[in-house]
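> Need coordinates for the following:
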Amino acid sequence: MKKWIALILTVISITILMSACSSSEGKEKVELKKVVLDYAYYSPTSLALKEFGWAEEAFVEQGIEVEWVLSHGSNKALEFLNSKSVDFGSTAGAAALIAKSNGSPIESVYIYSKPEWTALVATGDSDITSVEQLKGKKVAATLGTDPYIFLLRSLQEVGLSSKDLEIVNLQHSDGANALLTGQVEAWAGLDPHMAKVEVDSGAKLFLRDHEKNTYGTLNVRSEFAEQHPEVVETVIEVYEKARKWVLENPDEAADILAKEAEMQLEVAKKSLERNDFSDPIPGQKQIDELTAAGEVLQSENVIKGNVDIRTIVGELITDQFAKKVIE
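The predicted model follows:
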């Protein structure tokens with residue numbers, strides 16, 4: 001009897017093991033039919049990549065279709081990632097950090113630029129020349145994006161907070177319009193919209209600080225990266241091709257930006273000039289910058305007080321894919 005029981009248990013164990021292996025193999029054999037990339041006017045690299053069809057070329061032999069979705073801001077790109085409307089989303093690093101702190105399962109796998117893409121903007125005839133003068137004023141900003149974070153950090157440096165003024169939550173282009181029509185007295189601007197109001201209306205950037213601009217990051221859902229690491233590497237490969245092309249062809253890159261965003265070439269050139277495309281691998285620089293930004297966001301209760309900023313930043317910044325492709 002004992003032998004029969006032992007035999008039955010052995011058969012059951014083997015059956016369970018084979019079932020588990022079959023399940024695992026089934027997961028591995030799931031084929032990806034389409035990869036969805038976002039493109040954004042604040043990411044000139046993505047525009048070049050879309051223009052030349054390099055992603056389509058790279059994936060066609062694998063039988064994978066490429067779809068493009070326009071992101072109007074970091075907040076929209078993150079919404080698309082969370083809803084699985086895109087597989088890769090372009091954002092400011094600090095915006096990705098906010099999402100990560102709220103449980104969004106994303107990783108920043110590539111740096112598409114180090115921009116000076118945000119500043120505090122007033123109309124050309126405004127008497128506002130300093131952050132201190134924003135006290136009691138209406139200021140437009142897109143919540144959860146780099147311009148918003150730039151505003152918070154700038155306020156904190158002079159002893160003010162968001163409670164000392166009225167922040168009007170508007171998408172970037174709407175914020176620019178609100179400034180020009182007098183609905184707000186200042187705007188936390190974002191290129192290329194910021195460059196446009198400079199050129200078209202003589203608006204002034206009354207506070208600039210390159211170091212308070214967090215990096216432009218390409219983000220992917222963690223689950224997607226785990227299931228399709230080779231796809232992540234391919235996307236980085238084609239982004240690298242686009243990055244090098246932009247560096248070598250700035251005038252042509254400005255032409256593409258002007259065409260895509262339907263803007264003047266002068267505006268596109270001004271916006272493009274404020275981007276540094278030289279350092280694409282995520283690493284310690286991003287960790288340091290995002291940690292500093294995260295601490296400000298936590299002091300403003302944008303990030304919850306019980307969140308360990310350094311841990312979250314460490315989980316967000318992922319360098320292995322870019323290192324494998326680029327180094």
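> Mind checking what helix or strand follows the helix or strand of the chain with the lowest mean pLDDT in sequence?
Ranked by mean pLDDT, DSSP states H and E, the helix or strand of the chain with the weakest confidence is helix 2-28, at a mean of 45. Using DSSP states H and E, the helix or strand that follows helix 2-28 in sequence is strand 34-39.
> centre of the chain versus that following strand, how much separation?
Per C-alpha atoms, centre = their mean, to the nearest Å, the displacement of strand 34-39 from the mean C-alpha position of its chain is 14 Å.
> Figure out how far the helix or strand hosting Ala176 is from the centre of its chain.
Take DSSP H and E as the rule and Ala176 turns out to sit in helix 172-180. Distance, stretch centre to chain centre, for helix 172-180: 21 Å (C-alpha atoms, centre = their mean).
> Tell me the gap between the helix or strand following it and the middle of its chain.
Later in the chain than helix 172-180, the nearest helix or strand by DSSP H and E is strand 186-190. Centroid displacement of strand 186-190 relative to its chain, using C-alpha atoms, centre = their mean, is 18 Å.
> could I get strand 186-190 in PDB with only the CA atoms?
The C-alpha trace of strand 186-190 is given here as PDB (Å, rounded to 0.1, in the frame of the first residue of the first chain):
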ATOM      1  CA  ALA A 186       3.000  84.300 -15.100                       C
ATOM      2  CA  TRP A 187       3.500  80.900 -16.600                       C
ATOM      3  CA  ALA A 188       5.800  78.000 -15.900                       C
ATOM      4  CA  GLY A 189       6.600  77.400 -19.500                       C
ATOM      5  CA  LEU A 190       7.700  74.500 -21.600                       C
END
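> mind listing what's buried in stretch 216-232?
Buried positions in stretch 216-232, judged by neighbour count with 16 or more other C-beta atoms under 10 Å: Gly216, Thr217, Leu218, Asn219, Val220, Arg221, Ser222, Phe224, Ala225, His228, Val231, Val232. Yep, even glycine has a C-beta here, placed from its N, CA and C like the rest.
> Over that stretch, what's the mean pLDDT, rounded is fine.
Mean per-residue pLDDT for stretch 216-232: 97.
> One more: stretch 296-308?
On average, stretch 296-308 scores 91.
> cool, and stretch 93-107?
On average, stretch 93-107 scores 95.
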